[in-house]
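Colleague: Here you go, sequence then predicted model.
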Amino acid sequence: MFLRGLFEKIQAEPQIAKRADYKSAADMYMEKNMTPADREQVTELMQSWYDTATAGAAAARKLSPKALRGVRRKPAIHRRRQEGRLIDKVGYDDDAMQAALDQAEAAPNPCRWPNTSTPRKRCASSAGAITSL
């Protein structure tokens, strides 16, 4: 959001000194649109987040990031997603809910020491059905 146009309409002049191209805090008040320097740094930030997420997802699926990006670019047909190892199963919301509940019930109680009934200190646990997401 850039406020320069608003300030012009109300005949206000922001009194801010900009220090350098890549110091963009003042741009919100001084510009009507994103500057090339600000666009460059936002693009780099978003690319870094994307690359990190892609690398993490690829590692979790034992794929290369390049292979993951290739599967992602194909049309979103679940069969192709399974073949590309992006998804394990296809189902409905209630199937996913039941799988999560089954997995939670099979997990050990985090508030008990392994192989003992002695409770751990400072531990929280909950049980029961998930009623909403």
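Modeller: That came in fine, so what should we check first? Numbers count the residues shown, from 1 in each chain.
Colleague: hey, let's count contacts and neighbours off CA atoms from now on
Modeller: Will do.
Colleague: roughly how far apart are the spatially most central residue of the chain and Tyr22?
Modeller: Closest residue to the average C-alpha location of the chain: Ala53 at 7.8 Å, with C-alpha atoms, centre = their mean. Ala53 sits 25 Å away from Tyr22, going by C-alpha to C-alpha, to the nearest Å.
Colleague: Work out for me the element the residue nearest to the centre of the chain sits within.
Modeller: For Ala53, the element it lies in under DSSP states H and E is helix 36-60.
Colleague: Equivalent analysis for Leu86, please.
Modeller: Per DSSP H and E, there is no helix or strand for Leu86.
Colleague: How many neighbouring residues does it have?
Modeller: Neighbours of Leu86 under the rule other C-alpha atoms under 10 Å: 18.
Colleague: Please look at it and Arg61 and confirm they touch.
Modeller: Yes - at 7.0 Å, Leu86 counts as touching Arg61 under the criterion of C-alpha atoms under 8 Å.
Colleague: Can you pull the residues that touch both of the two?
Modeller: Counting by C-alpha atoms under 8 Å, 6 or more residues apart in numbering, Leu86 and Arg61 have no contacts in common.
Colleague: which residues in the protein form helices?
Modeller: 4-9, 27-30, 36-60, 65-73, 78-83, 93-106 (DSSP state H).
Colleague: which residues are contacting the first one?
Modeller: So the one you mean is helix 4-9. By C-alpha under 8 Å, 6+ apart, helix 4-9 touches 13-14, 28-32.
Colleague: cutoff 7 Å now
Modeller: 13, 29-32 (C-alpha atoms under 7 Å, 6 or more residues apart in numbering).
Colleague: and what of the third one?
Modeller: Counting by C-alpha under 7 Å, 6+ apart, helix 36-60 makes contact with 21-22, 24, 64-65, 68, all of which sit outside it.
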